[in-house]
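Peer 1: no sequence on this one, just coordinates:
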């Protein structure tokens, strides 16, 4: 294929697929996790609207996590074992968080008004647990799965900033999907979260090259440094643009309401590209490359065939679902 | 306790909790499609009301299935890395196809199925219902294919201690797969049948005589009555297949120690692995030979054939298999009697009486008990192997500190216990509320969100 050997091209394709599915996950589940975090600041009615704005989507959003972890598991089984056993406890926190919020989401609409507050609270707690643990895992991963106290501290900070960035993308979704007072609140939430997100991305960008001499060399040599410069510059520009735009939102005619969400998606994409460049070709930082960890080519090939057919279909019906539920969020009804 | 036994207990708890919910959603999806189809054909609103009640049960069960399923998919890596490292080339693609062909389909169209009725045409809504039902069944297909392969592996070769796929058709359609798949689908159908009959009977007990309740009651009872004999036949076929490929499992299920003819069907006994014999055995002479070999003097393999030179047993633990198999069969027999009696009653007088209502309500979750017992029989029956003849459970376990596993295990157990209680409570309340919604003007006709309010609150919760 393309003049390459299958055991070279296939791991590369699967690393790419995994990257895309993690990125899609972070953007899509990011906004509904973020809304879970922000829900604690809303009034009871606002909580209903906020949750209604993600109701038809959250389940499918979370499926991208299953696909990411599934691709890691099927394409790079050895790495899957190493990474997940190293992250045993944060994975556990993530799972309990996902369980709590998934359950709370469904139960809160089927219980009496008296016990609804409890499910709302669990929805918030679950969202916070999931977001913090994902950030914590990212932090540990960036430092090469180092489990010292210093890296735990760094990872905790990353956790906080990832949670904030989810808050930002969640607020951006609310700006798009709501109106009135909640929309105005969402703008304020977004600006607060944006500051923390910027701090977090700066932190990871500075820490990564210093944690790994290899990554330092990959970035700070000519001509790479000039070729890569647009990445941080562009990210900074989007941040700044978003900051100035949100100062003037929401507009009376609701124009530009979708722009903050798209800008956040761009920021996530740029940050992700930087990470991907830094770690390629490693899947376990500085220990195991994607080529060493890959499954047998014949197994990857059979998945690839299916993926090539199915992934566009999934994209198609996901877009269909977003179209069906387009417009401002309304009360969720079963009929 | 070490990480191995704790990891096993944790995974057992996890999979036991998880399987409860797919067991409901697999068949409930199709029943909902049936309700929707009847509504489209007849225009009778009662079908749609039945749909709206049961779609909530579906949503709750689906949510619990999803979150516990995600937990399981992570535990492959956190607790059993040796599994994917050894057989990842085979298991990986099967799991990948489950995510690609089933998970996304279910998740995306569930949103339309639950919340899209007023946003899309009824026809598209029916299509969404079909795709969700189809997705859950596809999901079961891939998982059962993998699970069956772990019992009866074929279509691969070992290179440097790692399994490599050589024939995907042989892997997917391995010898026990068709039996296991059919057995599981029928188990799901029976679970839903009894749940539907049971919750409807509960509404009946509370005085509900509405048409949506009767539609669900009839569906549940007749479905159960039709499926149970089919299941008994399929189960028998599955048992014969197991005898062919995993004789040690059948020997343990029957607590048969010696390979011989005229093996009795043991109804009660206390198998003793130390002494390698049964205490207090009560059996039907030649019964097991008759069932397994269709011959009174048919030779049935015994456990003593599966002992290593040094005396260690190379068969699964006998007592849990012996008991769980009997629980499964016992519940199945009860299902046969109850569903036929109820079907007879419904057919003769188009209603049930009070004792029958209580029996049906009491058996609302009998499907869960039979399914769990069946899974214990088949899964414990594979021990000490994780994949028969390829990798043992002990070889696959993660080098994680026992304390970490103990901590997570305890938390999972507590979480699952709470969730089960909450799930059952909410189902119970949904059922009662549906009833009060029918006799009075429902303050919220959807029965959604805050409708436990004024009209019904006092009657149900005098303390408020």
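Peer 2: That came in fine, so what should we check first? Keep in mind the model is a prediction, meaning the values are calculated, not measured.
Peer 1: all helices in chain A, in order from the N-terminus.
Peer 2: Counting by DSSP state H, chain A forms helices over residues A:6-38, A:44-52, A:58-75, A:77-86, A:88-107, A:113-142, A:149-177, A:180-211, A:213-219, A:224-228, A:230-247, A:259-279, A:290-293, A:297-324, given from the N-terminal end onward.
Peer 1: What parts of the stretch 101-250 of chain B come near chain A?
Peer 2: The stretch 101-250 of chain B comes close to chain A at residues B:101, B:103-105, B:107-112, B:114-120, B:162, B:164-165, B:168, as judged by Cβ under 8 Å from any Cβ of the partner chain. C-betas here are computed from N, CA, C, even on glycine.
Peer 1: and those residues, which are buried?
Peer 2: B:101, B:103-105, B:107-112, B:114-117, B:119-120, B:162, B:164-165, B:168 (16 or more other Cβ atoms under 10 Å in any protein chain shown).
Peer 1: May I ask which helix or strand encompasses the residue in the stretch 101-250 of chain B positioned nearest to chain A?
Peer 2: For the stretch 101-250 of chain B, the residue closest to chain A is residue B:111, as judged by Cβ to the nearest Cβ, at 3.2 Å. Applying DSSP states H and E as the criterion places residue B:111 in helix B:104-115.
Peer 1: Show me what that helix is packed up against.
Peer 2: Counting by 3 or more Cβ pairs under 8 Å, 6 or more residues apart in numbering or on different chains; DSSP states H and E, the packing neighbours recorded for helix B:104-115 are helix A:58-75, helix A:297-324, helix B:45-79, helix B:122-151.
Peer 1: What residues of whatever helix or strand comes next after the third one count as buried?
Peer 2: Past helix B:45-79, further along toward the C-terminus, the next helix or strand under DSSP H and E is helix B:81-98. Within helix B:81-98, the residues that qualify as buried by neighbour count (16+ other Cβ under 10 Å) are B:81-98.
Peer 1: just the angle between helix B:81-98 and helix A:58-75, please?
Peer 2: Note on geometry: by axes from the mean of the first three to the mean of the last three Cα atoms, to 10 degrees, helix B:81-98 and helix A:58-75 are set 130 degrees apart in direction.
Peer 1: Helix B:81-98 near chain A at all?
Peer 2: Yes - part of helix B:81-98 sits near chain A under the criterion Cβ under 8 Å from any Cβ, namely B:81-82, B:84-85, B:88-93, B:95-97.
Peer 1: mind putting these in JSON lines, pLDDT included?
Peer 2: Below are the residues of helix B:81-98 next to chain A laid out as JSON lines (pLDDT from 0 to 100):
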{"residue": "B:81", "pLDDT": "79"}
{"residue": "B:82", "pLDDT": "81"}
{"residue": "B:84", "pLDDT": "81"}
{"residue": "B:85", "pLDDT": "81"}
{"residue": "B:88", "pLDDT": "83"}
{"residue": "B:89", "pLDDT": "84"}
{"residue": "B:90", "pLDDT": "87"}
{"residue": "B:91", "pLDDT": "87"}
{"residue": "B:92", "pLDDT": "84"}
{"residue": "B:93", "pLDDT": "86"}
{"residue": "B:95", "pLDDT": "86"}
{"residue": "B:96", "pLDDT": "85"}
{"residue": "B:97", "pLDDT": "87"}
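Peer 1: where does the closest residue to the residue of the stretch 101-250 of chain B closest to chain A other than its chain neighbours fall, phi/psi-wise?
Peer 2: Taking Cβ to Cβ, 6 or more residues apart in numbering or on different chains as the measure, residue B:111 lies nearest to residue A:56, with 3.2 Å between them; neighbours along the chain are not counted. In this entry, residue A:56 is assigned phi and psi values of phi -80, psi -10 (degrees, to the nearest 10).
Peer 1: Was I right to think residue A:56 contacts residue B:116?
Peer 2: Yes - under the criterion of Cβ atoms under 8 Å, residue A:56 is in contact with residue B:116, at a separation of 7.2 Å.
Peer 1: which residues touch the residue nearest to residue A:296 when sequence neighbours are not counted?
Peer 2: In space, and not counting its chain neighbours, residue A:296 is closest to residue B:89: 4.6 Å by Cβ to Cβ, 6+ apart. If you count contacts by Cβ atoms under 8 Å, 6 or more residues apart in numbering or on different chains, residue B:89 has them with A:77, A:295, A:296, A:298, A:299, B:156, B:162, B:163, B:164, B:165.
Peer 1: Return the helix or strand in chain B with minimum mean pLDDT.
Peer 2: helix B:454-460 (a mean of 34; mean pLDDT, DSSP states H and E).
Peer 1: low-scoring stretches of the chain, by residue?
Peer 2: Reading this off chain A. Within chain A, the stretches falling below the threshold (pLDDT under 70) are A:1-4, A:333-335.
Peer 1: To clarify, I was referring to chain B.
Peer 2: For chain B, applying pLDDT under 70 flags the ranges B:1, B:435-464.
Peer 1: Give me the longest helix you can find in it.
Peer 2: helix B:3-42.
Peer 1: And that helix, what does it pack against?
Peer 2: Under the contact rule (3+ Cβ pairs under 8 Å, 6+ apart), helix B:3-42 is packed against helix B:45-79, helix B:122-151, helix B:177-205, helix B:211-245, helix B:366-380, helix B:393-396, helix B:402-439.
Peer 1: what's the residue nearest to residue A:8 when sequence neighbours are not counted in contact with, if anything?
Peer 2: Distances taken as Cβ to Cβ, 6+ apart put residue A:291 closest to residue A:8, at 6.9 Å, once the chain neighbours are dropped. Contact analysis of residue A:291 by Cβ under 8 Å, 6+ apart lists A:7, A:8, A:11, A:281.
Peer 1: before we move on, the earlier item: of the contacts of residue B:89, just the buried ones, PyMOL syntax please.
Peer 2: A single PyMOL command suffices to select whichever of the contacts of residue B:89 are buried according to 16+ other Cβ under 10 Å:
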select buried, (chain A and resi 77+295+296+299) or (chain B and resi 156+162+163+164+165)
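Peer 1: Can you name the residues of the stretch 251-400 of chain B sitting close to chain A?
Peer 2: For the stretch 251-400 of chain B, the residues in contact with chain A under the definition Cβ under 8 Å from any Cβ are B:398, B:399, B:400.
Peer 1: Can I take it that residue B:281 is in a helix?
Peer 2: No - judged by DSSP: H, G, I helix; E, B strand; the rest coil, residue B:281 forms no part of a helix; its state is strand.
Peer 1: Run a quick neighbour tally on it.
Peer 2: Applying the criterion other Cβ atoms under 10 Å in any protein chain shown, we find 14 residues in the vicinity of residue B:281.
Peer 1: Kindly provide the distance from residue B:298 to residue B:173.
Peer 2: Distance check for residue B:298 against residue B:173: by Cβ to Cβ, to the nearest Å, it reads 28 Å.
Peer 1: try residue A:306
Peer 2: Distance check for residue A:306 against residue B:173: by Cβ to Cβ, it reads 17 Å.
Peer 1: Quick check, residue A:198 in contact with residue A:238.
Peer 2: No - using Cβ under 8 Å, residue A:198 and residue A:238 do not qualify as a contacting pair, with a distance of 10.4 Å.
Peer 1: Contacts only, for residue A:304.
Peer 2: Listed by Cβ under 8 Å, 6+ apart, the contact set of residue A:304 reads A:10, A:13, A:14.
Peer 1: how about a cut-off of 10 Å?
Peer 2: When the contact criterion is Cβ atoms under 10 Å, 6 or more residues apart in numbering or on different chains, the partners of residue A:304 are A:1, A:6, A:9, A:10, A:13, A:14, A:17, A:75, A:297, B:93, B:96.
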